[in-house]
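S.K.: the following comprises the amino acid sequence and a computationally predicted model.
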Amino acid sequence: MTEPAVWPTLSKLLDQWLDLAPESRVGWIERLGPEYQEVLPALRALLEAHPGDTFLSTLPALSAAGESDSGGFTADMRVGPYRLIRELGHGGMGVVWLAERADGAFQRLVALKLPLGSFQARAFGNFARERDLLARLTHPHIARFYDAGVDQGQPYIALEYVEGDAITAHCDGRTLAIRQRLLLFLDVLRAVQYAHANLVVHRDLKPSNVLVTSDGEVRLLDFGIAKPLTEGEAQETELTRIGGRALTPNYASPEQITGDPVTTASDVYSLGVVLYELLTGERPYRLKRDTRGSLEEAILSADPVRPSQAADDPDKARARASTPKRLARVLDGDLDTILLKALQKQPSGRYATPDAFAQDLERYLQGQPVLAQPESVWYRARKFVLRNKLGVASAASVVLALGAGFGIALWQTHVARTEQQRADTQAATAKAVTEFLQNDVLAQASPNTTGPASAPDPELRVRTALDRASARIGARFEKQPLVEAAIRQTIGEAYLDLGIYAEAQRHFERVLALRRRALGEKDPATLEALNDLGDVYSEEGKYQQAESLLAAGLPIQLQLFGEEHPVTLIMMSNLGLVYRRQDKFAQAEPLYTKVLAVRQRLLGPEHRDTLMIMNNLAVLYSSEHKFAQAEPLHTKVLELKTRVLGPENASTLVSMNSLAALYRDEGKYGQAEQLLTKVLAVRRRVLGEQHPHTLITMDFLAKVYAAEGKYSQARALYTKVLDMRLRVLGKDHPDTQDTIRGLEALKR
C-alpha cells in the first residue's frame, strides 16, 4: 500500500503525465530526476496496470477524514461548556460546529473548532499554536477568539460565529459594482495588514475565509494554518508536514507551491487572486487541463490573463452591474496593473505590504496615479483629462488647431525628455537618500557594519542617531539641493514623530528653502514642504506663523491640484486646526466640513482619514461648547476607530482623549478619569513619558483630578507635566503656559 506521505508528489506527477501528448509519454518516467526515486515504484505500477487514462476510473473514493468522516461528533453532544448544534464545515484535519454555551455562564453562539479523530494526537500542539496566534489578534475585521480548552482529551477552540457569505458570493448576490467591491476589499487588506503587524501570516486567504455579514461587515476567518513570523519568514510547524503542504491550490503563491519559505508576500499574492476573482468572476490562469498539476505549473510559470481580457462572460459582468465591454473598459489600465503587480511570481516584485496594496487601490478610487503604474507622461496626462474633462476639452481643441504635424512631434519629444530627466533626478535622489540613511544612520547601530565616525552601538537611542546624522549633512550636498532636501525631509519627519519639534522645524525650514530655490513656489514638492512646516509651527504653538504659511499656500494648492488632491485636504485640515487653536471657530468649521464631505465621498465613511477629520470636527464643536453636537459625534468616531483601527491605535487614542476632554467640560468627571487613565497607560508604554501626546493626557487628567477635588493627585501630576514641558517644549509654548496656570489655580 502506498504511504500517505507520498500522495501529494504522486498526484503531481500523474497530473503532469496526463498533460503530455501520447507520443511524449514514451520514456517520460525514465527522465524523472533522483528526487522522485521514492515514488517511482508506485507510479510505475499504476501506469503499467492501467495504460492510457483508464486508471482514473479505477481509483477508489477518498475516505480520508475531512472528506466524509464527521469525527464522531453529533448534535447535542457536549464539548467542554459548549453544546453542539450543527456542523458548519470540515477540512482535512478538523471540523467546525455551530455550538452554544451550555453551562449557564452566559448565552453565546460560537463556531467550535475540533480536530478529527485521526489527527487528534497531533492536535494539541497545533491548537495551542492557533490559540496563541488568535489571542493576539483583536481587530474588527478578524473573527474574535473567545475560548480554548481540553475536555476529556478533546481539544477545542471557540471562535466568533459569523453569519455571512463568502465575499465573492456576497458581492455577486447583491450585484455590487467594481467601486463597491474595492471598498469592501480594502477592509480585507486592513485586517491582513493588522495580522502582519502582529507577526502573523495567514497562508490560506481565499473567498471562503473572508465572510461578509448582511450588514456589509467583513470578517477574516481560519488562522488554522497561519504561522508566526520570525525575521520576515514563517517558521515551519508540524502542520505543514502532515499529508503534504497545507494550502488551497487555487489561491496559493508560487513559493507555497514549491515549498520555499513563506513570508507576508505570500498573503499579498493570495489577496491578488481573491481580488482578481472578485472583479472578474474568473481566476488568473487559463489551464490546459483542470488538474492540480496544470494549476501548479501555471502558478509557477504562466503569465496571468490580464483582468480586462478575462471579463468576457455576460452573466459575470451582469453580477457586477455591467456588461462585458464596460467591465473590460473599467478594468483596463490601473486595475490591470495593480492586480498584475500583486500576482508577480517573485515576492520582491509584489506590493511590499497589504497596506501598500490598499494605498494603490485608494489612489485609483480617488482618480490619482497609482504607484504600480509606470510614470509616463501619457499616463499622467490621461489621469489629468479624466479629472478635468471640461477644461481639457477646450484646451484640446486649441492644441489640435495650432499643433498639427511637426509641432506636435517636437512637443512630444520635449515632454519625453523632460519626463526622463525628472525620472533620472528622482532615481538619483532616492539612491543618495538610501545611501545616506544606510551609512550615516543605520550603520551607527548595526552590529555588522562600522559607521563613518564611530563603532556600532546596538543600544543607540533614536534621538542620538538622528542628531549625529543631522550633524553629518553639513555642506556635503551643496551641489545636490534636492538630495539634501529629501534627506532633511526624512530626518525632519522622524523628529516630528518623536515630538522633538524644534529640530523638526529646523530641517523643514531648510527643506522649504531648498525646494523653493530649485523648483519654484508652485511645484508639488515645494507645497508639500510648506504644509509640513506649517504643521510643525502649529505643534510648537507658533500659530500666527503657521496660519500665515498655510493661508498663503492653500490657494496655490487649490488652483493647481483641486480640492480632492490628498495634499490639498491635509493642508485644509491643518489650517482648520490652526484656526481652532486660535479660537477662530467660524473660519475653521467650513474647512473641516469641506474636507469631511470630500473624504466621505472618495474614501467612504470608515476610512482612517475620514475618521480623523470627523474627530477634528467633534473637537471643534467641543471648543465652541456645542455639547449636543459634540458628544454624539465624539462617541460615533471612537466606536468606529475602535472597530476599524483597533483599541490601541494612535488615532483611536486621540479620539479617546478628545472624548475625555468633553466629559470633563460637561462635568462627567468619573467617565473622563476612566478614559484618560486608559489612554495614559498606553501612551506611556508606546510613546514614552516625555512625548508631547503623553503630556497632553497627563495634563487633562490633572485637570480632572482638580475638578474632582483630588488636589494632591492633581498637584503631583501638574508638577510632573510642567517639569517635562519646560524641558521638551520650552516656557513660551501655549501648553506649558496652560500647565503653569493650572498649577497656580491649585495654590489659590
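M.R.: Done, it's in. What you see is a predicted model, and the numbers here were worked out from it, not measured in a lab.

S.K.: D303: what secondary structure?
M.R.: coil (DSSP: H, G, I helix; E, B strand; the rest coil).

S.K.: burial of it, as a residue count?
M.R.: Here the number of neighbours of D303 (other CB atoms under 10 Å) works out to 11. C-beta here means a position set from N, CA and C on the backbone, and glycine is covered the same way.

S.K.: torsion angles phi and psi at it?
M.R.: phi -80, psi 140 (degrees, to the nearest 10).

S.K.: just A102 next, same as before
M.R.: Dihedral angles (degrees, to the nearest 10) for A102: phi -120, psi 10.

S.K.: list the contacts for it?
M.R.: By CB atoms under 8 Å, 6 or more residues apart in numbering, the contact list for A102 reads 78, 81-83.

S.K.: top of those by number of neighbours, please.
M.R.: Among these, the one with the most neighbours (other CB under 10 Å) is Y82, at 26 neighbours.

S.K.: who does that residue form a beta bridge with?
M.R.: Y82 has these beta-bridge partners by DSSP bridges: V79, R101.

S.K.: do the same with the one 4 residues further on
M.R.: Using DSSP bridges, the beta-bridge partners of R86 come out as L98.

S.K.: ok so, going back, what is the nearest of the contacts of A102 to R715?
M.R.: The nearest member of the contacts of A102 to R715, counting by CB to CB, is P81 at 49.7 Å.

S.K.: helix/strand/coil for the residue nearest to the closest one when sequence neighbours are not counted?
M.R.: Using CB to CB, 6 or more residues apart in numbering and skipping the chain neighbours, the partner closest in space to P81 is D103 (4.0 Å). Three-state assignment for D103 (three-state DSSP): coil.

S.K.: surely A525 is within a helix?
M.R.: Yes. Assessed by three-state DSSP, A525 belongs to a helix.

S.K.: burial count for the closest residue to L331 other than its chain neighbours?
M.R.: Computed as CB to CB, 6+ apart, the closest residue to L331 that is not its neighbour in sequence is S308, at 4.0 Å. A count of nearby residues for S308, using other CB under 10 Å, gives 19.

S.K.: may I ask you to confirm that S308 is in contact with T337?
M.R.: No. Judged on CB atoms under 8 Å, S308 makes no contact with T337 at a distance of 10.4 Å.

S.K.: what about Q713, helix or strand, and which?
M.R.: Assigned by DSSP states H and E, Q713 belongs to helix 711-728.

S.K.: can I get the CA coordinates of that helix in CSV?
M.R.: Taking C-alpha atoms only, helix 711-728 is exported to CSV below (Å, rounded to 0.1, in the frame of the first residue of the first chain):
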residue,chain,number,x,y,z
TYR,A,711,-5.9,68.2,44.9
SER,A,712,-2.8,66.3,46.0
GLN,A,713,-3.1,64.0,42.9
ALA,A,714,-3.7,67.0,40.7
ARG,A,715,-0.7,68.9,42.1
ALA,A,716,1.7,66.0,41.8
LEU,A,717,0.7,65.4,38.2
TYR,A,718,0.8,69.1,37.2
THR,A,719,4.2,69.4,38.7
LYS,A,720,5.5,66.4,36.7
VAL,A,721,4.0,67.7,33.5
LEU,A,722,5.4,71.2,34.0
ASP,A,723,8.9,69.9,34.6
MET,A,724,8.8,67.9,31.4
ARG,A,725,7.1,70.5,29.3
LEU,A,726,9.7,73.1,30.3
ARG,A,727,12.4,70.7,29.0
VAL,A,728,10.6,69.4,25.9
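
S.K.: follow-up on the earlier one: from the contacts of A102, which is closest to N250?
M.R.: Y82 (32.6 Å).

S.K.: how close does the closest one get to F145?
M.R.: Distance, Y82 to F145, by CB to CB, to the nearest Å: 14 Å.

S.K.: which stretches of the stretch 301-450 of the chain have low pLDDT?
M.R.: Along the stretch 301-450 of the chain, segments meeting pLDDT under 70 span 373-450.

S.K.: ok, now with 90
M.R.: Applying pLDDT under 90 to the stretch 301-450 of the chain flags the ranges 301-303, 311-312, 332-333, 346-356, 359, 363, 365-450.

S.K.: the nearest residue to N531 once chain neighbours are set aside is in what secondary structure piece?
M.R.: Spatially, and ignoring its direct neighbours in sequence, N531 is nearest to M571 (4.8 Å; CB to CB, 6+ apart). M571 is part of helix 566-581 when elements are defined by DSSP H and E.

S.K.: next one: that helix to chain centre, how far?
M.R.: 25 Å (CA atoms, centre = their mean, to the nearest Å).

S.K.: can I get the helix or strand that comes right after that helix in PDB? Just the C-alpha atoms.
M.R.: Per DSSP H and E, the first helix or strand lying C-terminal to helix 566-581 is helix 585-603. In PDB, the C-alpha atoms belonging to helix 585-603 read as follows (Å, rounded to 0.1, in the frame of the first residue of the first chain):
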ATOM      1  CA  PHE A 585     -14.100  78.800  15.000                       C
ATOM      2  CA  ALA A 586     -16.000  80.400  12.200                       C
ATOM      3  CA  GLN A 587     -13.000  80.100   9.900                       C
ATOM      4  CA  ALA A 588     -12.200  76.500  11.000                       C
ATOM      5  CA  GLU A 589     -15.700  75.000  10.600                       C
ATOM      6  CA  PRO A 590     -16.100  75.400   6.800                       C
ATOM      7  CA  LEU A 591     -12.700  73.900   6.200                       C
ATOM      8  CA  TYR A 592     -13.400  70.900   8.300                       C
ATOM      9  CA  THR A 593     -16.900  70.400   6.800                       C
ATOM     10  CA  LYS A 594     -15.400  70.600   3.300                       C
ATOM     11  CA  VAL A 595     -12.700  68.100   4.000                       C
ATOM     12  CA  LEU A 596     -15.100  65.700   5.600                       C
ATOM     13  CA  ALA A 597     -17.500  65.800   2.700                       C
ATOM     14  CA  VAL A 598     -14.800  65.100   0.100                       C
ATOM     15  CA  ARG A 599     -13.200  62.300   2.100                       C
ATOM     16  CA  GLN A 600     -16.600  60.600   2.800                       C
ATOM     17  CA  ARG A 601     -17.300  60.700  -1.000                       C
ATOM     18  CA  LEU A 602     -13.900  59.500  -2.100                       C
ATOM     19  CA  LEU A 603     -12.800  57.200   0.700                       C
END
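
S.K.: ok and helix 585-603 relative to helix 566-581, angle-wise?
M.R.: Helix 585-603 and helix 566-581 are oriented at 150 degrees to each other (axes from the mean of the first three to the mean of the last three CA atoms, to 10 degrees).

S.K.: show residues contacting helix 585-603.
M.R.: Helix 585-603 is contacted from outside by 362, 365-366, 563-564, 569, 572-573, 575-577, 579-580, 607, 609-610, 613-614, 616-617, 620, 623-624, using CB under 8 Å, 6+ apart.

S.K.: now do stretch 261-271
M.R.: 188-189, 192, 196, 201-206, 227, 229, 232-234, 251-256, 342-344, 347-348, 350-354, 357.
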